[in-house]
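Student: I would like the atomic coordinates for the input below:
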Amino acid sequence: MRTEELVGSLAGDVTPVRRLLWPWVRLLVWLAFSLPWIAFIVWYRGPRADIALKIGEGGWLFEQSLALTTALAAGLAALCASIPGRPVWERVLPLLPLGLWIAIVVGGSVRSVMAGGAWSPLLEVDWICLPNIASLAVVPAIAMIALIRRGAPVSPYTTIGYAALAATALAEFGLRFFHAQDASLMVLVWQMGSVALLTAIFIVFARHLFPWRLGIPTVAG
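Tutor: Got it, this is the predicted structure:
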């Protein structure tokens, strides 16, 4: 077959595809599905009794803003990473709010212990954190899966990891509105530990959720 005939036959079999929306537009779509679910769970569980006081606490608000910023940055990074040719820096951006968020929580734990605080939160079992975060993250995770499945990421594990982080960080943000446990060590071990565990589980089982060939080595995934 001549080259012209081959090109013609290939072109003749091509079906039109719909161009993906810009990542920030798709992020807004994700939020449109996710935030009402978070609000519903908070309403269903009932806001914590001291929510009015917490909203006036600068430290609590700062931690919440970092959790939300991490969720947004990770979600945007996942959506960007699912499109070939996007700048690599977009996949590094979420590390800044995530690192700051972890540093704030760890710093609070260290200060609490140095001030004579008890280590008992490390030994206390708060298994309710895991199912609470999982229930909050289910809709954000499904919505993010639906959005990134239509992409073709060059770094699939990076995409999957950030998608999971976006859903679980948003869940942690919602959790603090009805879960009254604010001890720094408890937040570090049980709440952020649940975020890390669910993110890892999501990555492990990702090959069953996405049509990508995850076994192929990629540039950054």
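Student: Point me to the residue sitting closest to the centre of this structure.
Tutor: The chain has residue 166 as the residue nearest its centroid, 1.4 Å off, counting by Cα atoms, centre = their mean.
Student: Give me the distance between that residue and residue 54.
Tutor: Shown here: residue 166 relative to residue 54, a distance of 24 Å by Cβ to Cβ, to the nearest Å. For glycine as for every other residue, the C-beta is placed from the backbone atoms N, C-alpha and C.
Student: Also residue 81?
Tutor: Applying Cβ to Cβ, the value for residue 81 to residue 54 is 34 Å.
Student: who's more crowded, the two?
Tutor: Neighbour totals were compared for residue 81 and residue 54, and residue 81 leads with 28 against 18 (other Cβ atoms under 10 Å).
Student: can you tell me the helix or strand for the nearest residue to the more buried one once chain neighbours are set aside?
Tutor: In space, and not counting its chain neighbours, residue 81 is closest to residue 159: 4.3 Å by Cβ to Cβ, 6 or more residues apart in numbering. With the criterion set as DSSP states H and E, the secondary-structure element containing residue 159 is helix 156-175.
Student: Then residue 83?
Tutor: Residue 83 is part of no helix or strand when elements are defined by DSSP H and E.
Student: Next: residue 144.
Tutor: Using DSSP H and E, residue 144 falls in helix 129-148.
Student: if I look at residue 111, how far off is residue 59?
Tutor: Shown here: residue 111 relative to residue 59, a distance of 11 Å by Cβ to Cβ.
Student: between the helix holding residue 159 and helix 129-148, how many degrees?
Tutor: Direction vectors for helix 156-175 and helix 129-148, defined by axes from the mean of the first three to the mean of the last three Cα atoms, to 10 degrees, enclose an angle of 130 degrees.
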